[in-house]
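**Student:** I need the structure of the sequence given here:
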Amino acid sequence: MTAAPRAPRTPPDANATADPEAGASGTAGSRSRTVALAIISVAQLMFLLDATIVNVALPSIQGALRLSGSDLEWIVASYSVAFGGLLILGGRLGDILGRRRMFTAGMALFTVASLLGGFAQEPWLLIVCRTVQGIGAAAASPAALSLIAVTFPQGRERDRAVGWYTAVATAGGGVGLLGGGVITAYLSWRWVMFVNVPIGVVVLALSWRVLRETPRQRGRFDLSGALTGTLAALLLVHGLISGASDGGHWTDPSVLAALGVAAVLLPAFVVIERRGSQPLVPLRLFAGRTRCGTYAVLALTNTAMFGIFFFLTLFLQQVWGYSPLDTALVYIPLTCLLVVGAKAASRFVTFLGARALVCWGLLAASAGMFWLSRIGESEGYATGMLVPTVLTYAGLAVTGVPLTLAALADVADQDSGAASGLLSMFRQIGGAIGLAVLGTVVWSTVASAADTTSAKDALAEGIGHGFLVAGGVAVLSLLVAFFTLPPHTSVRVERAGSGDPAAVRDAGERGKG
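**Tutor:** Model prediction:
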């Protein structure tokens with residue numbers, strides 16, 4: 001039997017970088033880790049691009065299935081509600097049951113739902129399949145990030161791995177818009193679902209050979225915490241998305257009820273977790289200033305980024321008259337910029353430190369967003385959109401790696417799944433808040449300007465106001481990062497489990513307040 005297949009099955013060891021049987025040079029072990037990173041990154045790309053890939057195809061879906069307006073909104077929203085609401089539960093289940101097991105189970109569920117969704121002939125079936133896709137993504141996504149921690153040794157190699165992972169995660173939305181435009185133009189809207197199937201099958205086939213399983217934790221599952229926390233997250237995301245739909249339904253009884261119950265369940269969840277012996281989300285994860293600040297920065301950054309993504313696409317098609325394919329092509333350089341920026345950040349974080357890199361990135365992104373707020377006053381693509389979007393995306397691209405490393409720093413191995421779930425959850429909830437806040441600003445402006453100007457001009461004015469608010473959110477995120485992230489040092493995530501209580505720390509300091 002060759003050595004390469006055996007290396008991933010070796011139990012994870014904090015002090016080992018490769019299986020001894022993988023060869024003295026470590027080439028086979030390095031190759032296995034590269035394949036593992038590719039599998040994890042491709043899976044994460046699938047989960048995140050599915051949040052946007054159907055956007056460009058929505059008119060085709062509406063015509064084929066004779067969807068109403070509210071049903072059409074839930075083709076997108078059902079995935080985000082399930083994905084964002086179940087991430088904490090998925091992360092904790094990975095800690096308890098094994099992360100490779102949860103990763104493959106979630107990927108299998110996601111793949112089957114994609115296949116059935118592509119064949120859907122009724123609106124309700126497509127919405128159900130999109131919801132099941134979100135459930136599968138919520139199970140697998142936290143486990144994917146946790147598997148990086150047990151696959152790559154601490155230091156430069158792990159920093160680069162997180163850099164690739166973050167680049168893929170950051171580019172997911174842009175790839176989704178690009179893929180949706182190309183697929184809809186040349187194939188059929190059904191292929192935005194079918195395209196996941198062959199990729200999912202390959203990922204599943206390779207996962208059992210390459211990915212390492214993590215030990216199952218003994219103990220009792222926190223059922224009360226799971227029920228309150230999951231329901232609170234689901235209702236919060238549901239209320240935010242529903243409230244922002246069709247220009248805002250914030251006074252709708254169902255929206256108020258969802259947000260009100262979430263407001264009651266969230267403090268109840270905190271009380272349950274504080275008293276529990278084996279909580280779903282260990283509150284020690286929030287003990288340090290660095291991690292609390294990191295989660296806040298992640299939420300605020302995605303609040304601005306998601307809104308920019310959505311309304312920039314709307315502006316291109318409805319104001320400048322771009323086709324779905326033209327709109328998709330616009331995102332090619334921006335998506336490449338996100339990948340290159342994240343890769344560069346994985347190198348620069350060692351020298352500049354987390355705080356400097358995040359703050360400079362958010363400063364550039366804020367300037368780009370404020371510039372974009374004037375997009376309706378310019379008819380030129382180069383200065384009206386290209387330059388400010390490049391500035392915005394370049395700034396956002398370099399923030400992902402240091403924020404991911406900061407969120408996972410000082411996390412014991414048994415808590416890494418919960419920490420990863422929280423990281424992804426704050427991203428998703430931040431995106432939902434972004435659509436809610438910016439959507440309310442945009443559509444209220446459009447409504448007030450509709451009587452005095454054309455529909456296109458009103459929409460351009462509303463989107464400009466939305467970008468202005470996004471810039472303000474980015475500035476707020478910059479201030480939070482400046483006062484909470486550790487200065488002068490790069491954040492390094494060490495593998496826990498070696499018995500050393502200080503095994504996971506910042507490079508030179510704890511980074512806590």
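**Student:** what's near enough to touch the residue nearest to His465 when sequence neighbours are not counted?
**Tutor:** Spatially, and ignoring its direct neighbours in sequence, His465 is nearest to Thr445 (4.8 Å; Cβ to Cβ, 6 or more residues apart in numbering). All C-beta atoms are positioned from the backbone trio N, CA, C, and that covers glycine. Residues near Thr445 by Cβ atoms under 8 Å, 6 or more residues apart in numbering: Ala458, Glu461, Gly462, His465, Gly466.
**Student:** Tell me the confidence at the fourth one?
**Tutor:** I take that to be His465. We note a pLDDT of 89 for His465 in this prediction.
**Student:** mean confidence score for stretch 190-201?
**Tutor:** 90.
**Student:** what's in contact with it?
**Tutor:** 42, 46, 50, 53-54, 57, 107-108, 110-111, 114-115, 117-119, 129, 179-180, 183-184.
**Student:** can we see that at 6 Å?
**Tutor:** Residues outside stretch 190-201 that contact it (Cβ atoms under 6 Å, 6 or more residues apart in numbering) are Met46, Ile53, Val54, Ala57, Met107, Thr111, Ser114, Leu115, Gly117, Gly118, Gly180, Ile183.
**Student:** could you point out which element follows the host helix or strand of Gln62?
**Tutor:** Element membership of Gln62 [criterion: DSSP states H and E] is helix 58-65. Per DSSP H and E, helix 58-65 leads on to helix 69-97 as the next helix or strand towards the C-terminus.
**Student:** on that earlier part again, please convert the contacts of Thr445 to CSV, extending it with secondary structure and neighbour count.
**Tutor:** Converted to CSV, the contacts of Thr445 look like this (DSSP: H, G, I helix; E, B strand; the rest coil; neighbours: other Cβ atoms under 10 Å):
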residue, secondary structure, neighbour count
Ala458, helix, 20
Glu461, helix, 19
Gly462, helix, 27
His465, helix, 19
Gly466, helix, 29
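**Student:** which of those residues lies closest to Leu240?
**Tutor:** Gly466 (15.7 Å; Cβ to Cβ).
**Student:** what sits up against stretch 335-346?
**Tutor:** 159-160, 163, 166-167, 170-171, 174-175, 393-394, 397-398, 400-401.
**Student:** can you check stretch 453-461 too?
**Tutor:** Contacts of stretch 453-461 (Cβ under 6 Å, 6+ apart): Gln318, Val319, Gly376, Thr445, Val446, Ala449, Ala450.
**Student:** Can I get those in a markdown table including pLDDT, distance to Val76 and secondary structure?
**Tutor:** Shown next, in a markdown table, are those (pLDDT from 0 to 100; distance: Cβ to Cβ, whole Å; DSSP: H, G, I helix; E, B strand; the rest coil):
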| residue | pLDDT | distance to Val76 | secondary structure |
| --- | --- | --- | --- |
| Gln318 | 77 | 17 | helix |
| Val319 | 83 | 21 | coil |
| Gly376 | 74 | 25 | helix |
| Thr445 | 83 | 22 | helix |
| Val446 | 81 | 20 | helix |
| Ala449 | 78 | 26 | helix |
| Ala450 | 73 | 25 | coil |
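**Student:** Of the contacts of stretch 190-201, keep whichever come out buried.
**Tutor:** Met46, Ile53, Val54, Ala57, Met107, Thr111, Ser114, Gly117, Gly118, Gly180, Ile183 (16 or more other Cβ atoms under 10 Å).
**Student:** Contact partners for the third one?
**Tutor:** Taking Cβ under 6 Å, 6+ apart as the definition of contact, the neighbours of Val54 are Ile75, Val192.
**Student:** in this structure, which helix or strand is least confident?
**Tutor:** helix 156-186 (a mean of 73; mean pLDDT, DSSP states H and E).
**Student:** what angle sits between that helix and helix 58-65?
**Tutor:** Counting by axes from the mean of the first three to the mean of the last three Cα atoms, to 10 degrees, helix 156-186 lies at 50 degrees to helix 58-65.
**Student:** Just the CA atoms of whichever helix or strand comes after helix 156-186, as PDB, please.
**Tutor:** Going down the chain from helix 156-186, the next helix or strand is helix 191-194, by DSSP H and E. C-alpha atoms of helix 191-194 as PDB (Å, rounded to 0.1, in the frame of the first residue of the first chain):
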ATOM      1  CA  TRP A 191     -28.100  24.500 -14.600                       C
ATOM      2  CA  VAL A 192     -27.500  26.900 -11.800                       C
ATOM      3  CA  MET A 193     -28.700  24.000  -9.700                       C
ATOM      4  CA  PHE A 194     -27.300  21.100 -11.700                       C
END
